[in-house]
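Participant: just need the structure, nothing else, for what follows:
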Amino acid sequence: MRDVESGLGIDYYGLAEDLTDAEREVWLTLRRFVDTEVVPVASGYWERAEFPFELVKKYAGLGVVGDGLEGPGIPAFSATAAGLITMELNRGDGSFATFIGVQAGLAMRSIAFCGSEEQKERWLPAMSRLEAVGAFALTEPDHGSDSVALATTARRDGDSYVLDGAKRWIGNGTICDVCVVWARGEDGQVQGFLVEKGTPGYEATVIEGKGSLRAVWNADIELRGCRVPAENKLPGARTFKDTGRVLSATRAGIAWAALGHATAAYECALSYAMQRRQFGKPIASFQLVQEKLVHMLAEVTAMQLFCVRTARLAEQGRLTDTMASLAKMNATRKARQVLAMARDLMGGNGILLEHRVMRHMADIEALHTYEGTESIQTLIIGKQLTGIGAFA
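Facilitator: So this is what the prediction gives:
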């Protein structure tokens, strides 16, 4: 297979040939980093539910944090290159990839899309260097899929805004230097605010007992009379449509993330099948095992084509919200199937963390839900197809 020669992993249809030199280089750089730095330590961090701070320092040295955004201090990458980065990080570890996704895809994107020039200059270069950590606080205990109905409030008080409410499932919420908090203003519209580390009234606690993405710390956040300076309000965040712009832009990235998990499953399953011997020969010699491997390859390759086309549409300014929803919905569904097949192929050994598949199998469950569940994405697409809203 040509992927063995290129060193770029599974590339059965030669997609690397259609990439630019810069895109191929970033792909190869990330693949090497994941294989040498992430994979050897990921399962240990995952099992201990311990955040991999050491990886943050090492990853910062690559100079690739930015998710294809434009802004001061952000490296210039195409949407395709950004997708390849996301794919490779998730091939290594969903927890660390989610940390980067929150950092760049959500927090930095909120500032890049909705922030003032002063806010961009202050935060984006430091966040791109991972010298400052960001969080994105939208979801609430009682508002997940219906986040448009969020109950957190913001009221003007002199030269400050006072935030009150609660947030849940906030990645990086306990370790961030700045948290983008979405709240309902006195005009009833959803607005965005930059809450800096150490602000009184902001209290974040780690959610424990997770069975997925265990090494990234999600937080419950309480906002009690949290006072932020008026200049910390995002001037471009005036309604929930502005919040939606951020979410829509990151949704296609979840398709790339799911592809990363599926890629890991196939690579691990193929390697295992070649090495594992039963009845005196490698299990790869059995028809049922080969059928599983071929089916997995077909799904991974189809996901690659889906993702690359989605990225190219984004680069041309032609990617719609529903296109992104379809990519996310399909990729997470297919990745779950590929991972289940890999787990089955490995038999009893498939549940051991040393073989990686079980960790990815657990982590894909979070991707299947966040950034909009499969059901919500389906209804969004269904409304676009039929013109009939089926939301309850």
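Participant: wasn't Leu223 part of a strand?
Facilitator: Yes: under DSSP: H, G, I helix; E, B strand; the rest coil, Leu223 sits within a strand.
Participant: please name the nearest non-neighbouring residue to it.
Facilitator: Nearest residue to Leu223 in three dimensions, chain neighbours excluded: Leu163, at 4.6 Å (Cβ to Cβ, 6 or more residues apart in numbering). The way it works is simple: take the backbone N, C-alpha and C, and place the C-beta from them, glycine included.
Participant: how about that neighbour, secondary structure?
Facilitator: strand.
Participant: what about the strands in the chain?
Facilitator: For the chain, strands defined by DSSP state E occupy the ranges 134-137, 153-157, 160-171, 178-184, 190-196, 202-206, 218-229, 277-278, 281-282.
Participant: show me where pLDDT drops low in the protein?
Facilitator: Confidence mapping of the chain against pLDDT under 70 gives the ranges 1-8, 392.
Participant: what residue of it is the furthest out?
Facilitator: The C-alpha centroid of the chain is most remote from Gly280, which lies 42.5 Å away (Cα atoms, centre = their mean).
Participant: residue contacts, that residue?
Facilitator: By Cβ atoms under 8 Å, 6 or more residues apart in numbering, no residues touch Gly280.
Participant: circling back to that earlier point, so the residue nearest to Leu223 is in contact with Pro229, correct?
Facilitator: No: between Leu163 and Pro229 there is no contact under Cβ atoms under 8 Å: 12.0 Å.
Participant: higher neighbour count, these two?
Facilitator: Comparing Leu163 with Pro229 by other Cβ atoms under 10 Å, the one with more neighbours is Leu163, at 24 against 13.
Participant: the more buried one pairs with what?
Facilitator: Beta-bridge pairing for Leu163 (DSSP bridges): Ala154, Cys226.
Participant: in the protein, which spans are helices?
Facilitator: Here the chain has its helices, by DSSP state H, at 2-6, 21-33, 39-48, 53-60, 79-92, 94-100, 109-114, 117-128, 240-275, 287-315, 321-345, 357-369, 374-386.
Participant: can I get these in JSON lines with mean neighbour count?
Facilitator: Below are the helices of the chain laid out as JSON lines (neighbours: other Cβ atoms under 10 Å):
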{"stretch": "helix 2-6", "mean neighbour count": "12"}
{"stretch": "helix 21-33", "mean neighbour count": "17"}
{"stretch": "helix 39-48", "mean neighbour count": "16"}
{"stretch": "helix 53-60", "mean neighbour count": "15"}
{"stretch": "helix 79-92", "mean neighbour count": "27"}
{"stretch": "helix 94-100", "mean neighbour count": "27"}
{"stretch": "helix 109-114", "mean neighbour count": "24"}
{"stretch": "helix 117-128", "mean neighbour count": "19"}
{"stretch": "helix 240-275", "mean neighbour count": "24"}
{"stretch": "helix 287-315", "mean neighbour count": "18"}
{"stretch": "helix 321-345", "mean neighbour count": "22"}
{"stretch": "helix 357-369", "mean neighbour count": "23"}
{"stretch": "helix 374-386", "mean neighbour count": "15"}
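Participant: got these as TSV, with distance to Gly192 columns?
Facilitator: Formatted as TSV, these follow (distance: least, Cβ to Cβ, whole Å):
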stretch	distance to Gly192
helix 2-6	42
helix 21-33	30
helix 39-48	31
helix 53-60	25
helix 79-92	22
helix 94-100	21
helix 109-114	6
helix 117-128	10
helix 240-275	7
helix 287-315	23
helix 321-345	19
helix 357-369	23
helix 374-386	22
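Participant: Gly14: which of these is closest?
Facilitator: Shortest distance between Gly14 and the helices of the chain, using Cβ to Cβ, is found for helix 2-6: 5.8 Å.
Participant: contacting residues around stretch 351-368?
Facilitator: Residues outside stretch 351-368 that contact it (Cβ under 8 Å, 6+ apart): 39, 42-43, 46-47, 93-95, 98, 211-214, 254, 257-258, 261, 264-265, 268-269, 272, 332-333, 335-336, 339-340, 342-343, 346, 349-350, 374.
Participant: ok so, going back, right, and the strands of the chain - which one's nearest Gly244?
Facilitator: With Cβ to Cβ as the measure, strand 190-196 is the member of those nearest Gly244 (9.4 Å).
Participant: now do the closest one: which elements does it pack against?
Facilitator: Packing partners of strand 190-196 (3 or more Cβ pairs under 8 Å, 6 or more residues apart in numbering; DSSP states H and E): helix 109-114, strand 160-171, strand 178-184, strand 218-229, helix 240-275.
Participant: again, 10 Å this time
Facilitator: Judged by 3 or more Cβ pairs under 10 Å, 6 or more residues apart in numbering; DSSP states H and E, strand 190-196 is in contact with helix 109-114, helix 117-128, strand 134-137, strand 153-157, strand 160-171, strand 178-184, strand 218-229, helix 240-275.
Participant: just the CA trace of the first one, in CSV.
Facilitator: Yep, that's helix 109-114 we're talking about. Taking C-alpha atoms only, helix 109-114 is exported to CSV below (Å, rounded to 0.1, in the frame of the first residue of the first chain):
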residue,chain,number,x,y,z
ARG,A,109,-12.5,30.9,17.4
SER,A,110,-15.0,32.9,19.7
ILE,A,111,-12.4,35.6,20.1
ALA,A,112,-11.4,35.6,16.5
PHE,A,113,-15.0,35.8,15.3
CYS,A,114,-16.5,38.0,17.9
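Participant: and it, how far out from the chain's middle?
Facilitator: Taking Cα atoms, centre = their mean, to the nearest Å, one finds helix 109-114 lying 17 Å from the centre of the chain it belongs to.
Participant: what's the burial count for Leu69?
Facilitator: With other Cβ under 10 Å as criterion, Leu69 counts 21.
Participant: list the contacts of it.
Facilitator: Going by Cβ atoms under 10 Å, 6 or more residues apart in numbering, Leu69 touches 75-77, 82, 104-105, 108-109, 111-113, 124, 128, 249.
Participant: and it, what are its phi and psi?
Facilitator: phi -80, psi 160 (degrees, to the nearest 10).
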